[in-house]
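[1] let me see the structure of the following:
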Amino acid sequence: MKKWIFGAAVCFALMFSSFFPHEASAKVIWDGMELKKGQIGKVTILKQTELYQLNGTEKTILKKLKPGEVYRIYQFLPGKLGLGGGKFIDRDNRIKYQTPSKEKIQALGVKITKHRYQNTFDYPQVTGLISKSAQDKINETIKKHVRASYNAMIELEEQEKEDRENYYDPDTDYEFWYDYDYSMSYEIKYNENNLLSILIYDYSYTGGVHGLTSVTSYNFNVLTGQQLKLGNVAKSQTALNKIKKYAITDLTNRANRGEMIFKEYLHDMKINNERPFYFTSNGIVIKFFEYEVAAYAAGMPEVKVPYSVFK
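    Below you'll find the predicted structure:
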């Protein structure tokens, strides 16, 4: 029974988070050109040069590239530059080759690895950042949360033992009421433009019909390691008020369409630095806790807020 309850809680959380899929990836612009993942540089043609395919050491000329044309470079070989798809040009005085800054490369997304804490909870860590200091700040912030979750699990196990000894009555109580449970999971919600958004979910069951899930958002500037709160994005009370007004309108409209939204609670919502949120390509998504603005079956409702609403 306990596993069914936990599964249902996770299902609700994932189901309702999927109502707001990400839009197209944000673009990283480098000198007027969109930087693509896997791209290591660009070439500007100075003098007419041949584009060719390589078959071993044999070249097959495909066409002549004209002065002023610009191409992305994905591969570097001795004396050659790869344009992708097995196509190359010679690296000589007929071309100008440039490479993007480390900041631009990192803006395409940072590498995230999965770790295991005490053989219990999986958690993310960033690697290969330009700034070792920023990397350490981000990773320690996440690990601090994981340690707290693990300690909460241990405390709940002790509480279960005490409650079973002191209160459990096999004649009147369901045994599963005392099968307490604690789990932690995470989602990487955004990893572009040197911004990183991670949501961490903590679930606990302490008896009754179902458990409860809380969510904590971690948003970082990966260049500095700074943890970003909502007030760092919406930088005035006026901006925060605009987000609240937008969220009330959105949730009211959804309630009118039949969703399980508590319209009478909406004006009591708090839009401040404690509000969980994550970045998207053109704005943010704010999250609400279970029961905060909707029935339990609605999970954790989200509202996507474009930057144009509050910037």
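
[2] pull the helix or strand containing residue 43 out as PDB, backbone CA atoms only.
    Element membership for residue 43, per DSSP states H and E: strand 41-45. C-alpha atoms of strand 41-45 as PDB (Å, rounded to 0.1, in the frame of the first residue of the first chain):
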ATOM      1  CA  GLY A  41      34.600  27.400 -34.000                       C
ATOM      2  CA  LYS A  42      33.700  29.200 -37.200                       C
ATOM      3  CA  VAL A  43      35.600  30.000 -40.400                       C
ATOM      4  CA  THR A  44      35.300  33.000 -42.700                       C
ATOM      5  CA  ILE A  45      36.400  32.500 -46.200                       C
END
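
[3] list the buried residues of that strand.
    41-43, 45 (16 or more other CB atoms under 10 Å). Placement of C-beta: from N, CA and C, glycine included.

[4] show me what the helix or strand that comes right after it is packed up against.
    Using DSSP H and E, the next helix or strand after strand 41-45 towards the C-terminus is strand 49-55. When contacts are defined as 3 or more CB pairs under 8 Å, 6 or more residues apart in numbering; DSSP states H and E, strand 49-55 packs onto strand 58-65, strand 87-90.

[5] quick one: strands adjacent to the longest one?
    Okay, so that is strand 58-65. Strand 58-65 has the following strand partners under DSSP bridges: strand 49-55 (antiparallel).

[6] would you list every one of the strands in the stretch 201-311 of the chain?
    212-221, 277-280, 283-287, 302-306 (DSSP state E, counting those that start in this stretch).

[7] in CSV, list those strands along with mean pLDDT and distance to residue 84.
    CSV is the format used below for the strands of the stretch 201-311 of the chain (pLDDT from 0 to 100; distance: least, CB to CB, whole Å):
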stretch, mean pLDDT, distance to residue 84
strand 212-221, 97, 31
strand 277-280, 98, 29
strand 283-287, 98, 32
strand 302-306, 98, 34
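
[8] dump the ones you listed into CSV; add distance to residue 195 and mean neighbour count as well.
    CSV is the format used below for the strands of the stretch 201-311 of the chain (distance: least, CB to CB, whole Å; neighbours: other CB atoms under 10 Å):
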stretch, distance to residue 195, mean neighbour count
strand 212-221, 7, 19
strand 277-280, 5, 23
strand 283-287, 10, 22
strand 302-306, 15, 19
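
[9] from residue 218, how far off is residue 61?
    52 Å (CB to CB, to the nearest Å).

[10] do residue 265 as well
    26 Å.

[11] tell me the pLDDT of residue 8.
    pLDDT recorded at residue 8 is 43.

[12] err, residue 57, not the other one
    Residue 57 is assigned 80 on the pLDDT scale.
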